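Student: generate a structure from the sequence data that follows.
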Amino acid sequence: MTTSERRNLPPQIRRITLPSGAVRYQVRVDLRQGRADRKQTMRRFKTLTEAKAFLNPILGDQHRGLHVAPSSLLIKDAVETWLRAQRIKPTTRAAYTAALRPVVDEYGYRTVQSITKDDVEALVQALQEGTTARGVWTSTTINPMLARWRAMFDDLQKQGVLVRNVVALVKSVKRAEDSPAPRGNTLTDRQIQQLINYHTGKHDELLVRFALLGLRRGELAALRWSDIDLMNGTVTISRNRTTDGNQVYEGDTKTVAGTRELTLPARLLERLHILYPSRPGRGMYVITQEKSPGRPYHPRTIDARWTHALAAADVPHVRLHDARHTTATHLHAEGVPLADIAAWLGHANAAVTARVYSHSTKRGLAAAAEALDMDA
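Tutor: Numbers count the residues shown, from 1 in each chain. Here you go, the predicted model:
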């Protein structure tokens, strides 16, 4: 090689002669220009043309700020690091962790750079078909997984670990793609009255009455006497008691819309006037342990007490959350506008209320049939 030819070589390419006499072109390029944690790659090629074909795209991407150095970062480590960096409540962190578990299960030991759009689509399909260890997932669980995964990969892209966010290329699952979701059960008016009548004057009376107002489990567990305004007949829902493993946390309501002031039904207000003088101070909880007045139940115990309350009143079992279904369905049947039902339940979107909670009843269907009996 002449001096002129050597001068025309890019600084990243060097011509070397092997002991065998064969000529090779060695490319050495800094993949992290301007950074303290330098990382270089070195490759050898038989021809100068091959060496330049390898080098030029790297230099072009570096010039445009698009080049990404090879990374051995595994999915499982990326998830752990991303979760640790989120400034969120412990219960939210637990929800994010649960949402990303299928990603770690399937691809935990793959590098983040090896994940393709097809990999993401394959996991979504497997979850829909129930062929993973997690069973069948629907849009309500798959879409949060995709949202967290997109956010994590977006962060990695901004850090220069990924050249593109392949998860962002995958569309969320439409509800219509789900198999029909099981409908929650609701109590009839007769069962509601039977339940209330049985527990009036008993320990679980306020649990039953406030559950039938449509409060969430965490809202029931966090309710204090200071939240109740007996003079104006209102209750303010502003706190939520939740669990993360064995830890119990009390904080704000689930959403901004979850913080709300409700007018108390007349009969419940009457009972509260009677019960309040016999209860602990205003800072104490409303729904408390029978043997430890003022001490709140663990949120999971609220479920158990609800089950016990139904059995004691000889009312068919429904989940505590189905009390919210019952409330919404009853309000809907009484002609209350969906926007008002959503506000009562603490929903930000009335569409959620309509889709999830408003179930048809025999009485409602009979009224519909009567309305359509136009030739009578």
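Student: wait, isn't residue 227 in contact with residue 234?
Tutor: No: counting by C-beta atoms under 8 Å, residue 227 does not reach residue 234; the two are 9.1 Å apart. From N, CA and C alone the C-beta is placed, and that goes for glycine too.
Student: out of the two, which sits in the busier spot?
Tutor: A side-by-side neighbour count of residue 227 and residue 234, using other C-beta atoms under 10 Å, places residue 227 first with 18 against 14.
Student: name the nearest residue to that one, ignoring sequence neighbours.
Tutor: residue 236 (4.8 Å; C-beta to C-beta, 6 or more residues apart in numbering).
Student: over the helix or strand where residue 271 lies, what's the mean pLDDT, rounded is fine.
Tutor: Using DSSP states H and E, the element containing residue 271 is helix 266-275. The average pLDDT within helix 266-275 is 93.
Student: about what we covered before: now the residue nearest to residue 227: how far from residue 207?
Tutor: 18 Å (C-beta to C-beta, to the nearest Å).
Student: what of residue 87?
Tutor: Distance from residue 87 to residue 207, by C-beta to C-beta: 34 Å.
Student: ok now the helix ranked longest in the chain, how far from the chain's centre?
Tutor: Counting residues, the longest helix found in the chain (DSSP state H) is helix 139-158. Relative to its chain's centre, helix 139-158 lies at 11 Å (C-alpha atoms, centre = their mean, to the nearest Å).
Student: correct me, but residue 345 touches residue 329?
Tutor: No: counting by C-beta under 8 Å, residue 345 sits too far from residue 329 to count as a contact (11.4 Å).
Student: okay, and residue 262 sits in which element?
Tutor: strand 260-263.
Student: more neighbours, residue 236 and residue 207?
Tutor: The residue with more neighbours, out of residue 236 and residue 207, is residue 207; 25 against 15, by other C-beta under 10 Å.
Student: pretty sure the more buried one sits in a strand.
Tutor: No: under DSSP: H, G, I helix; E, B strand; the rest coil, residue 207 sits outside any strand and is assigned helix.
Student: pretty sure it contacts residue 304?
Tutor: No: Residue 207 lies out of contact with residue 304 (C-beta under 8 Å); the separation is 10.8 Å.
Student: show the model's pLDDT score for residue 8.
Tutor: Looking at residue 8, the pLDDT reads 71.
Student: ok, now residue 334?
Tutor: pLDDT, read off for residue 334, is 85.
Student: low-confidence ranges in the stretch 51-200 of the chain?
Tutor: The stretch 51-200 of the chain contains residues with pLDDT under 70 at 59-69, 176-184.
Student: for the next helix or strand after the helix holding residue 271, name the packing helices and strands.
Tutor: Using DSSP H and E, the helix or strand that directly follows helix 266-275 along the chain is helix 299-312. The contact analysis (3 or more C-beta pairs under 8 Å, 6 or more residues apart in numbering; DSSP states H and E) places helix 299-312 against helix 189-199, helix 205-211, helix 217-222, strand 239-244.
Student: kindly compare burial across the ones you listed and name the winner.
Tutor: helix 217-222 (a mean of 25; mean count of other C-beta atoms under 10 Å).
Student: so what touches that helix?
Tutor: 207, 210-211, 237, 239-242, 250, 253-254, 258, 285, 287, 296-299, 302-303, 320-321, 346 (C-beta atoms under 8 Å, 6 or more residues apart in numbering).
Student: roughly how far does the closest residue to residue 307 other than its chain neighbours sit from residue 324?
Tutor: The shortest distance from residue 307 to any non-neighbouring residue, by C-beta to C-beta, 6+ apart, is to residue 317 (6.5 Å). Here the criterion is C-beta to C-beta. By it, residue 317 lies 16 Å from residue 324.
Student: between those two, which one's more packed in?
Tutor: Taking other C-beta under 10 Å, residue 317 and residue 324 do not tie; residue 324 has more neighbours (24 against 10).
Student: what sits against the more buried one?
Tutor: Counted by C-beta under 8 Å, 6+ apart, residue 324 has contacts 214, 215, 216, 345, 357.
Student: residue 29: which element?
Tutor: Residue 29 belongs to strand 23-30 when assigned by DSSP H and E.
Student: quick check: mean pLDDT of stretch 289-308?
Tutor: 90.
Student: mind checking the end-to-end distance for that stretch?
Tutor: By C-alpha to C-alpha, to the nearest Å, the extent of stretch 289-308 from end to end equals 14 Å.
Student: now do the residue nearest to residue 136 when sequence neighbours are not counted against residue 101, distance only.
Tutor: Nearest residue to residue 136, sequence neighbours excluded (C-beta to C-beta, 6+ apart): residue 130, at 3.7 Å. The gap separating residue 130 from residue 101 is 15 Å, by C-beta to C-beta.
Student: more neighbours, the two?
Tutor: Taking neighbours as other C-beta under 10 Å, residue 130 and residue 101 compare with residue 101 leading, 15 against 12.
Student: ok, that one - contacts?
Tutor: residue 134.
Student: just use 14 as the starting number from now, easier for me
Tutor: Let's use 14 as the start, then, which means that last one is residue 114.
Student: quick one: it is in a helix?
Tutor: Yes: with three-state DSSP as the criterion, residue 114 is located in a helix.
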